[in-house]
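> I would like the atomic coordinates for the input below:
(chains A, B, C and D)
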Number of protein chains: 4
Amino acid sequence: MKKDKIKFGVIGVGRIGKVHVENLVNQIPETEVVAVSDVFPSELEKIKQKYNIAASFSDYKALLNNPEIDAIAVCTPTDTHYQIILDAAKAGKHIFCEKPIDLAIEKINTINAAVKKSGVKLMVAFNRRFDPNFAKVHEIVKAGKIGEPHVLKITSRDPAPPPEQYVRSSGGIFLDMTIHDFDMARFLVGSEVTEVYAKGNVLVDKMFKKVGDLDTAITVLTFKNGAIGTIDNSRQAIYGYDQRVEVFGSEGMVTVANNRPDNHIYFNREGTHTALPLYFFMERYMDSYLNEMKAFVHSLQNEKPLPVDGKDGLQAVVIGLAAMKSVKENRPVQLNEILSN
Amino acid sequence: MKKDKIKFGVIGVGRIGKVHVENLVNQIPETEVVAVSDVFPSELEKIKQKYNIAASFSDYKALLNNPEIDAIAVCTPTDTHYQIILDAAKAGKHIFCEKPIDLAIEKINTINAAVKKSGVKLMVAFNRRFDPNFAKVHEIVKAGKIGEPHVLKITSRDPAPPPEQYVRSSGGIFLDMTIHDFDMARFLVGSEVTEVYAKGNVLVDKMFKKVGDLDTAITVLTFKNGAIGTIDNSRQAIYGYDQRVEVFGSEGMVTVANNRPDNHIYFNREGTHTALPLYFFMERYMDSYLNEMKAFVHSLQNEKPLPVDGKDGLQAVVIGLAAMKSVKENRPVQLNEILSN
Amino acid sequence: MKKDKIKFGVIGVGRIGKVHVENLVNQIPETEVVAVSDVFPSELEKIKQKYNIAASFSDYKALLNNPEIDAIAVCTPTDTHYQIILDAAKAGKHIFCEKPIDLAIEKINTINAAVKKSGVKLMVAFNRRFDPNFAKVHEIVKAGKIGEPHVLKITSRDPAPPPEQYVRSSGGIFLDMTIHDFDMARFLVGSEVTEVYAKGNVLVDKMFKKVGDLDTAITVLTFKNGAIGTIDNSRQAIYGYDQRVEVFGSEGMVTVANNRPDNHIYFNREGTHTALPLYFFMERYMDSYLNEMKAFVHSLQNEKPLPVDGKDGLQAVVIGLAAMKSVKENRPVQLNEILSN
Amino acid sequence: MKKDKIKFGVIGVGRIGKVHVENLVNQIPETEVVAVSDVFPSELEKIKQKYNIAASFSDYKALLNNPEIDAIAVCTPTDTHYQIILDAAKAGKHIFCEKPIDLAIEKINTINAAVKKSGVKLMVAFNRRFDPNFAKVHEIVKAGKIGEPHVLKITSRDPAPPPEQYVRSSGGIFLDMTIHDFDMARFLVGSEVTEVYAKGNVLVDKMFKKVGDLDTAITVLTFKNGAIGTIDNSRQAIYGYDQRVEVFGSEGMVTVANNRPDNHIYFNREGTHTALPLYFFMERYMDSYLNEMKAFVHSLQNEKPLPVDGKDGLQAVVIGLAAMKSVKENRPVQLNEILSN
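Numbering: from 1, shown residues only, chains lettered A, B, ... in the order given. The predicted structure follows:
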């Protein structure tokens, strides 16, 4: 697909859809957004105007009918991904899809089969892989600078819990929040997870208990290459978004500090004070959204393999389902148990 | 000037001019670039195309004739500022001008008088004031959190020396490089400089000696409020752009660390390793270019005083001339000596 | 026991015994060492000479016969603690005992009962509680500054594995190494552990496999107050002794960085470089050895409760045994299962 | 002087004298303190008892008469150093003397001549050279890791001003406080100072004005090798003792952070908080006092050159006198001007 300009349709222009439109229009010269669609007409019209986009549709199917479009970005709620992707694959459009692809393994398998059959490319938007910090950790691990990976540690804490309505349809902490860390775990260690043990509690807000979810969790991962890892999550770190990883190996260790809005250090009688971490994902991961879209476009233009594909989308969900089962049964769960269901 | 859109003409579209065009077009919704001018036609055409700009001119005077234009950004070499500003003032355009306004006090005085008379606004682009780190230091000092300022320290080192041709017409280290630090000094301490002592040497590259310049310098500043300060400069820090400030006062101290591309920390047998500072000003100060232009636009739209004006532009040059005289005569120089010339 | 000088006998003058003698003689003015014992006569004589100690014995029982002695420090191998403590309790000597007291719950129960009956005091030397870093974390948590503790994280890695002979008689990674972290967990969270899940592997040195031990492990702890925690251990961090803790709660988080021999920061073309963590426990925890002995002496002199007692000694071993069982059976183990055996 | 034990007499057992006695008796096995002297009998007796020292004298001359004594430590006020050193040299004792040797160049010259003639060794106690941080910076510079030194920066701030009485007899900020930094400057850059410019003010406490002293100062140093440097001093940093150095060169830069009592990092809603620097020199430089005495003893035992000698003692005073003259006359002063007086 050696084209001067890749023409995009963006389906869903909510918070994250807007980010992708902005990046495609203003930051990535090799792309053009020729159509947007959304079920909310008012936002749709605003975006169309602001970015001078040729066409807008309330129904994504109309967008897929545009033969000019090379690729789509799917930025709608998770439960709509399945049908959109199947339709897009049939229409021969390359697909950039927000995570998770779907919460059901069977549907993901159907998606992956359809994508394969149609010959289009599907990238799952695990944007954190494209964060400069985590990308650097990955680079150092991959270059062998820490030797063989032995222990992985991920800390992932949100600044504040989402509203109850969101939580109810989120799929639970492991499929909504930890799923990013599960992908990060596979990415950083470079080996598949084989077993999961998870332990959780409701310590932040009783609402989570009411809806059958957890707000605090620790997950232990066992990897095929023998490494072991631990992820700790909380729905509320009052000091801001806490996103750290550490990979320890036979020849060294690599870790990251959080990003902060500035690097000032203030000394007074009481102590030494610095800024808090950036507040949440829209601040922390803005770079990563641009980088992931650039990577998608680069793969399309150069006919190179995608950096994150449907298999990655599947694995993260499988680990999430295993973690849920582990908490429920209070025992380690083999990934085989999930996959063979 | 309560307008929906402020219409800009950008004069000079070299490296820094391109940054301003990009920010005005894509990042500041309240502005529009309706014309660009440059003496190099090829770059001019590229920019016009890329940003879909209505008009382009080889002569800035043609641009100034456009009655639609509210404000101009002057991004041409320093020796052209004088005439452009005088012409723009006459044409009734608000002016955003790259630093320094000029290297001659008399001309700056003429500029400031012309601007005053015509009623337009003139902002001098001391972009570092808008860097999130230095803005935070300023905020902390201004809020009284360090009490009365006693000692200022600025370290400012470039990653590599500019080419000889550039150095020859630069005005020397104090007017080309330290001038930023002189403005920062006034900005952070919140008081005028009254005396300057400077000491320098050629330690990096003998080329500087050949052209009668220095590559390494220390400047001591005395402020009206009693504070004292020191600036150290080098034309070559092989580890990257080193930009740090520190303000020490009766109730505390505030300092900043350099910005780095990422926050990884790597441990191996030899030690603990982190990234170098960002390489140079285009990486380090990208945010500040956007923020300063936003501040200019904000002042225009809300008829508020400019954050950096012609007086600031003058003072930095005066301090620079005093530093030059101090090195030449190896003695402290009063600012009065320069002004009364 | 309001005495001017507390008279000590030190039993065992190997590496750690020497540290205690030095601290008692030279650093704690309220104490005096009047006798030492050891089965190796040559070391014993050296120590006696160096510190000008009145008496030395090859058999600790002779030392216990000295009616002048108020307190003993037990610095012999773990398998000798049981008999020495019982004998010391009978002789009415206060006891400072290196950790672990013993590896068998039954014996620890017998020790605790004997100590209680005799009215002497028994302090178990979990020295890390007295490390200035961890003591500060404890102080911050205890003062409520992080609110309710939710998540505990401990990283504890040795710089190099011990020799095979040592490993064989060590009781395994959980009773030899992680036992310190188990005590730290209880100390920092301020709540008892109720359940343990542990996962381990041999990744550093096959010798551990040969002797039926692990060299890499992750442990998940559940606390009575609802908090959850994770400990990760490795027998070999090639960059030095890695000792970090983090407590995360409803109102904040507190963590520590490793101690380093100096605070230099070196910048060259390749990056920014700082010193490695201190090499091992004799460097890192030297302060804590002095502080723990001072605390013991302070408790004796002021008839205050000990900061670490026989119950603490018991709990750490119980958690260790639960971790061993958990690894063996690959399932979470309740502490009740261990205690009710 | 290959002796098993070097026998010391300590003259003056105030604050710093006590530190040396403790180190000689308890920390340096190759030495023995056989006599102490002080004009205050009560302190003298206490020290004698505590450390079990054979002899004590109210008059140091009696101490010097003891033929057993190999070396003395001079820990008395500066104005007594001259006579004590001359007497000690005559008595053939090696001399370890607190800084400054004296405040008058002529007397220092007399001392150095006397010491040379008698063949004894004289070490001036610039203890900061032996601080692990500054020693590391020196090591890195000396190893050529920063290439040729170009710029030196020293920040040296006390936590609180001394009492007026002390200030009156201190010799002024440059001879009392900055003198340490002058020695550090020569030590780190590895080249002699040739010119000094100093600027000061009274910003902390009007008392300094009353007694004709300064409490805030910046000094610019020019070195023979072309490097330039700056020192900033304050008598009051309310956040604690601030002791930092930085050496910048053609191939890199090395700097140090302050020592803190612990490495905790606390995050709450307001920001990220760490401990303040150690309070003052007795906390910060305790290691350096031990290291400097070990270095003295090592030089004596191995007949190696002293790491800091009478010439170093002289130079620091010369630079201090130049700084005083520079402030008075508000002009740079050549060191030749001072020496040729």
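> out of everything not next to it in sequence, what's closest to the residue most central in space within chain A?
Central residue of chain A (Cα atoms, centre = their mean): residue A:126, 3.1 Å from the mean position. Taking Cβ to Cβ, 6 or more residues apart in numbering or on different chains, and ignoring the residues beside it in sequence, residue A:126 has residue A:183 as its nearest neighbour in space, at 4.4 Å. Where you see a C-beta, it was placed from the backbone N, CA and C, and this is true even at glycine.
> contacting residues around the one you found?
Neighbouring residues of residue A:183 by Cβ atoms under 8 Å, 6 or more residues apart in numbering or on different chains: A:99, A:126, A:128-129, A:308, A:312, A:315-316.
> now for the residues you listed, which pair is the farthest apart?
A:128 and A:315 (15.0 Å; Cβ to Cβ).
> Show me which of the two is the more surrounded one.
Taking other Cβ atoms under 10 Å in any protein chain shown, residue A:128 and residue A:315 do not tie; residue A:128 has more neighbours (23 against 19).
> which residues sit in contact with the more buried one?
Going by Cβ under 8 Å, 6+ apart, residue A:128 touches A:134, A:180, A:183-184, A:243, A:285, A:288.
> List just the nearest of those to chain B.
Nearest to chain B, judged by Cβ to the nearest Cβ, of the contacts of residue A:128 is residue A:134 at 8.8 Å.
> Quick check, that closest one in contact with residue A:188.
Yes. Assessed by Cβ atoms under 8 Å, residue A:134 is found in contact with residue A:188 at 7.3 Å.
> re the thing from before, how far away is the residue nearest to the centre of chain A from residue A:30?
From residue A:126 across to residue A:30, the span is 22 Å (Cβ to Cβ, to the nearest Å).
> List the beta-bridge partners for the residue nearest to residue A:195 when sequence neighbours are not counted.
Computed as Cβ to Cβ, 6+ apart, the closest residue to residue A:195 that is not its neighbour in sequence is residue A:222, at 4.0 Å. Applying DSSP bridges to residue A:222 gives these bridge partners: residue A:195, residue A:228.
> ok, residue A:222 touching residue A:194?
Yes. Residue A:222 sits in contact with residue A:194 when judged by Cβ under 8 Å, with a separation of 5.4 Å.
> hang on, the earlier thing: quick one: what helix or strand has the residue nearest to residue A:126 in it?
helix A:179-189 (DSSP states H and E).
> Off-centre distance for that helix?
10 Å (Cα atoms, centre = their mean, to the nearest Å).
> now do stretch A:241-260
In terms of Cα atoms, centre = their mean, the centre of stretch A:241-260 is set 19 Å apart from its chain centre.
> Same drill for residue A:222 and residue A:194, tell me which one is more crowded.
Comparing residue A:222 with residue A:194 by other Cβ under 10 Å, the one with more neighbours is residue A:222, at 22 against 15.
> tell me the contacts of the more buried one?
Residues counted as contacts of residue A:222 (Cβ under 8 Å, 6+ apart) are A:193-196, A:228-229, A:332, C:199.
> try residue A:61
Here residue A:61 is in contact with residue A:87 (Cβ under 8 Å, 6+ apart).
> change it to 6 Å
Going by Cβ atoms under 6 Å, 6 or more residues apart in numbering or on different chains, residue A:61 touches no other residue.
> just the one 4 residues further on next, same as before
Applying Cβ under 6 Å, 6+ apart, we find residue A:65 in contact with no residue.
> which residues does the residue of chain A positioned farthest from its centre contact?
Note on chain A: the largest C-alpha distance from the chain mean falls to residue A:269, namely 42.8 Å (Cα atoms, centre = their mean). Residues in contact with residue A:269, defined by Cβ under 6 Å, 6+ apart, are residue D:238.
> got the residues of the stretch 151-300 of chain A near chain B?
Counting by Cβ under 6 Å from any Cβ of the partner chain, the residues of the stretch 151-300 of chain A close to chain B are A:252-257, A:262-268.
> most neighbours, which of those?
residue A:253 (28 neighbours).
> what's the spatially closest residue to that residue that is not a sequence neighbour sitting at in phi/psi?
Take residue A:253 and drop its neighbours on the chain: the residue closest to it by Cβ to Cβ, 6+ apart is residue B:267, 4.5 Å away. Note on residue B:267: its backbone torsions stand at phi -110, psi 130 [degrees, to the nearest 10].
> For the nearest residue in space to residue A:182 that is not next to it in sequence, give me the pLDDT.
Spatial nearest neighbour of residue A:182, excluding adjacent residues (Cβ to Cβ, 6+ apart): residue A:319 at 4.1 Å. On pLDDT, residue A:319 comes in at 98.
> So residue A:242 versus residue C:151, what's the distance?
As judged by Cβ to Cβ, residue A:242 and residue C:151 stand 11 Å apart.
> ok so, going back, redo the contacts of residue A:222 as JSON lines? Include pLDDT.
Shown next, in JSON lines, are the contacts of residue A:222 (pLDDT from 0 to 100):
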{"residue": "A:193", "pLDDT": "98"}
{"residue": "A:194", "pLDDT": "98"}
{"residue": "A:195", "pLDDT": "98"}
{"residue": "A:196", "pLDDT": "98"}
{"residue": "A:228", "pLDDT": "98"}
{"residue": "A:229", "pLDDT": "98"}
{"residue": "A:332", "pLDDT": "98"}
{"residue": "C:199", "pLDDT": "98"}
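> In JSON lines, list the contacts of residue A:183 along with pLDDT.
As requested, the contacts of residue A:183 are exported to JSON lines (pLDDT from 0 to 100):
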{"residue": "A:99", "pLDDT": "92"}
{"residue": "A:126", "pLDDT": "97"}
{"residue": "A:128", "pLDDT": "97"}
{"residue": "A:129", "pLDDT": "98"}
{"residue": "A:308", "pLDDT": "97"}
{"residue": "A:312", "pLDDT": "97"}
{"residue": "A:315", "pLDDT": "97"}
{"residue": "A:316", "pLDDT": "97"}
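> In helices only, show me the residues you listed.
Mapping the contacts of residue A:183 onto helices (DSSP state H) picks out A:312, A:315-316.
> Looking at the residues you listed, spot the one nearest residue C:70.
residue A:316 (62.4 Å).
> tell me the contacts of that closest one?
A:179, A:182-183.
> Near chain D, which residues of the stretch 151-300 of chain A? Just list them.
Counting by Cβ under 6 Å from any Cβ, the stretch 151-300 of chain A comes close to chain D at A:238-239, A:267, A:269, A:271-274, A:276.
> Would you mind putting the CA coordinates of the helix or strand residue A:87 falls within into PDB?
Using DSSP H and E, residue A:87 sits within helix A:78-90. Taking C-alpha atoms only, helix A:78-90 is exported to PDB below (Å, rounded to 0.1, in the frame of the first residue of the first chain):
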ATOM      1  CA  THR A  78     -16.300  -2.200  23.300                       C
ATOM      2  CA  ASP A  79     -19.600  -4.000  22.600                       C
ATOM      3  CA  THR A  80     -19.800  -2.500  19.100                       C
ATOM      4  CA  HIS A  81     -16.300  -3.500  18.000                       C
ATOM      5  CA  TYR A  82     -17.300  -7.000  16.900                       C
ATOM      6  CA  GLN A  83     -19.800  -6.000  14.300                       C
ATOM      7  CA  ILE A  84     -17.800  -3.000  13.100                       C
ATOM      8  CA  ILE A  85     -14.700  -5.000  12.600                       C
ATOM      9  CA  LEU A  86     -16.500  -7.800  10.700                       C
ATOM     10  CA  ASP A  87     -18.100  -5.200   8.500                       C
ATOM     11  CA  ALA A  88     -14.900  -3.400   7.900                       C
ATOM     12  CA  ALA A  89     -13.000  -6.600   7.100                       C
ATOM     13  CA  LYS A  90     -15.700  -7.400   4.600                       C
END
